[in-house]
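>>> fold the following for me, if possible:
(one chain, ligands or ions: 2)
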Amino acid sequence: MTEHARDWNKSSWQNRPALQQPNWPDKMKYDEVLSNLSTLPPLVFAGEIRALKQMLAKAVTGDAFLLQGGDCSEEFTNCTAPRIRETLKVLLQMAVILTYAGGKPVVKVGRIAGQYAKPRSSDTEIVDGVEIPSYRGDMANSAEPIPEARIPDPERMLKGYYLSAATLNLLRAFTRGGFAALHRVQAWNQEFVKQSPMGRSYERLARQISQALDFMETIGISTDIPQMNQAQFFTSHEALFLGYEESLTREDSTTGGWYDCSAHMLWIGDRTRQIDGAHIEFLRGVLNPLGMKIGPKYELADILAIIERLNPDNEPGRMTLITRFGAKGIEKFLPPLIRGVKKAGFHVVWSCDPMHANTFTAASGPKTRNFDDILSELRCFFELHWSEGTVPGGVHFELTGENVTECIGGARQLADEQLNLNYLTTCDPRLNAEQSLEMAFQIAEMIRR
Ligand code: PEP
Ligand code: CO
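Ligands and ions are numbered 1, 2, ... in the order given. Below you'll find the predicted structure:
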């Protein structure tokens, strides 16, 4: 087991500069909320976190593949059974496609049950000519574009905790209680997707799986085993609001290690990964698997120093590097990073976030992403890793199970003018269910190469 990080405690980050924190106006209320949170039960357990790390260790060597995805920013008002179910469904469908067509076990990690805190490029924004504080996620303020709604309220962290607990409770019920059973693969197909080419491809694949299961039953092999009837599903979010994360950090009574029990996996955003900053200080001491976003402005020396600090024992499964360079930037920025990390001998999961550097403003107004750019960054990601002799081990998406119109392109050729039909995100544009399945079929082909 990893020895406990030297000179670290769950509050040691407080001596370092912490970027991207809301400006909580009521300090007393803030402290009160955090002290309340620190007495509430953990959301996830150390044993589950260790299980995820072991599975991620397999993605380092290419013996498993990481699928991570969900909303850019979860919303409190979307904490409902249908919405949670639809997100879970599309991720399970994608995982089935990747497992069956791609031929690899898939590690399923949602951006869910706590993805309520957002970094922003600017502290304020101009709405109708008025400058107001930026929206920083439902755990800080409201997305409603009026000045009062944008004042950070610490009570929102408490609400975020309870809604994360409610979301997790339903996810656990769905994944353990039969909903995720493999013989239900056909039943997961969403109504609006069924009629589409992707829906039909999925139907075909699901039918093949059902036939294989029937065949096993017929010849007397029991399919009544946990692997068939339950899915292992994990949660993740960006570890951004450090007061919240600290309050949910607990010492595991069986091993004495410290775990951030707000989610199984946590990631560090591209904007908060300063080597001497508070986020790195906090995360180096918790034993969860960690993701790190890396965008085009990275310095190789920094990245290597951060990996060394976060994973001094070079434990496989601890670090996932989530690169986001854009379709236009990936060929320039990924190869030197791969070479540097490889030369240093670090064991990492290489994952691709093909969303965050492919965002642009559509002619019709909203922020969007083009399906072809996303796919093109993914293709380059696989090809560059193959040619460098490293393992493309995972993907990271912003997606939803709903029939939204936020990203253009895909099999239905969603056009710029159609974006406003059902544009619901409060933050970044997500793939809808049909676009997500299409993406999964494409990735499956790359995996099985
Ligand atoms: C995100 O994943 O929503 C995000 C803000 O990413 P990044 O840190 O890569 O900009
Ligand atoms: Co985003």
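>>> just the helices in this structure please.
Secondary structure of the chain (DSSP state H): helices at 27-37, 46-61, 81-100, 155-176, 191-194, 197-218, 226-229, 242-247, 278-285, 300-310, 330-344, 371-388, 433-447.
>>> now those helices as JSON lines including distance to ligand 2?
Using the backbone N, CA and C atoms, a C-beta is placed for each residue, glycine as well. Converted to JSON lines, the helices of the chain look like this (distance: least, CB to the ion, whole Å):
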{"stretch": "helix 27-37", "distance to ligand 2": "25"}
{"stretch": "helix 46-61", "distance to ligand 2": "22"}
{"stretch": "helix 81-100", "distance to ligand 2": "15"}
{"stretch": "helix 155-176", "distance to ligand 2": "17"}
{"stretch": "helix 191-194", "distance to ligand 2": "23"}
{"stretch": "helix 197-218", "distance to ligand 2": "23"}
{"stretch": "helix 226-229", "distance to ligand 2": "33"}
{"stretch": "helix 242-247", "distance to ligand 2": "19"}
{"stretch": "helix 278-285", "distance to ligand 2": "17"}
{"stretch": "helix 300-310", "distance to ligand 2": "21"}
{"stretch": "helix 330-344", "distance to ligand 2": "18"}
{"stretch": "helix 371-388", "distance to ligand 2": "13"}
{"stretch": "helix 433-447", "distance to ligand 2": "15"}
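>>> Throw the ones you listed into TSV and include mean neighbour count and mean pLDDT, thanks.
Below are the helices of the chain laid out as TSV (neighbours: other CB atoms under 10 Å; pLDDT from 0 to 100):
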stretch	mean neighbour count	mean pLDDT
helix 27-37	15	98
helix 46-61	19	98
helix 81-100	22	96
helix 155-176	19	97
helix 191-194	15	84
helix 197-218	15	92
helix 226-229	12	86
helix 242-247	24	98
helix 278-285	22	98
helix 300-310	16	98
helix 330-344	16	98
helix 371-388	19	98
helix 433-447	22	96
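>>> can you tell which of those is closest to Arg6?
Closest of those to Arg6 is helix 278-285, at 9.3 Å (criterion: CB to CB).
>>> wait, doesn't Ser149 sit right on Ala140?
If you look again at residue 149, you'll see it is Ala, not Ser. No. With contact defined as CB atoms under 8 Å, Ala149 does not reach Ala140; the gap is 11.1 Å.
>>> quick one: which of those two has more around it?
Between Ala149 and Ala140, Ala140 has the larger neighbour count (other CB atoms under 10 Å), namely 27 against 14.
>>> what sits against the residue lying closest to that one once chain neighbours are set aside?
Spatially, and ignoring its direct neighbours in sequence, Ala140 is nearest to Pro22 (4.0 Å; CB to CB, 6 or more residues apart in numbering). Neighbouring residues of Pro22 by CB atoms under 8 Å, 6 or more residues apart in numbering: 136, 140-141, 152, 241.
>>> let's see that with 6 Å instead.
With CB atoms under 6 Å, 6 or more residues apart in numbering as the criterion, the residues that contact Pro22 are 136, 140, 152.
>>> just Leu170 next, same as before
Ile84.
>>> can you tell me how far Ala444 is from Pro154?
44 Å (CB to CB, to the nearest Å).
>>> ok, now Val109?
Relative to Pro154, Val109 is positioned 28 Å away (CB to CB).
>>> more neighbours: the two, which one.
The residue with more neighbours, out of Val109 and Pro154, is Val109; 30 against 25, by other CB under 10 Å.
>>> hmm, that one is touching Ser236, no?
Yes. The pair Val109 and Ser236 qualifies as a contact (CB atoms under 6 Å) at a distance of 5.0 Å.
>>> what is in contact with these two at once?
Contacts common to Val109 and Ser236, judged by CB under 6 Å, 6+ apart, are Met265.
>>> got a list of what the spatially most central residue of the chain touches?
A centroid search over the chain (CA atoms, centre = their mean) returns Arg111, at 3.7 Å, as the residue closest to the centre. With contact set as CB under 6 Å, 6+ apart, Arg111 has these partners: Gly70.
>>> okay, it: pLDDT?
We note a pLDDT of 98 for Arg111 in this prediction.
>>> partner residues bridging it?
In this entry, Arg111 is beta-bridged to Gly70, Ser236, by DSSP bridges.
>>> got a list of what the residue of the chain most remote from its centre touches?
The C-alpha centroid of the chain is most remote from Ile219, which lies 40.0 Å away (CA atoms, centre = their mean). Not one residue lies near Ile219 by CB under 6 Å, 6+ apart.
>>> do you know how far it is from Asn23?
According to CB to CB, Ile219 stands 65 Å off from Asn23.
>>> now do Glu388
In this view, Glu388 and Asn23 are 43 Å apart by CB to CB.
>>> can you check Asp270 too?
Distance of Asp270 to Asn23, given as CB to CB: 21 Å.
>>> residues contacting the closest residue to Ala305 other than its chain neighbours?
Using CB to CB, 6+ apart and skipping residues adjacent in sequence, the residue nearest Ala305 is Ile275, 5.3 Å away. By CB under 6 Å, 6+ apart, the contact list for Ile275 reads 302, 305-306.
>>> just list the residues touching the closest residue to Pro197 other than its chain neighbours, thanks.
In this structure, Pro197 finds its nearest non-sequential neighbour in Ala411, 5.1 Å apart by CB to CB, 6+ apart. Going by CB under 6 Å, 6+ apart, Ala411 touches 197-198, 438.
>>> gap between the residue lying closest to Met94 once chain neighbours are set aside and Leu378?
The shortest distance from Met94 to any residue other than its chain neighbours is 4.0 Å, reached at Ala440 (CB to CB, 6+ apart). Distance, Ala440 to Leu378, using CB to CB: 11 Å.
>>> then Val404?
The spacing between Val404 and Leu378, counted by CB to CB, is 20 Å.
>>> can you count the residues close to Asp123?
Counted with other CB under 10 Å, the neighbours of Asp123 add up to 12.
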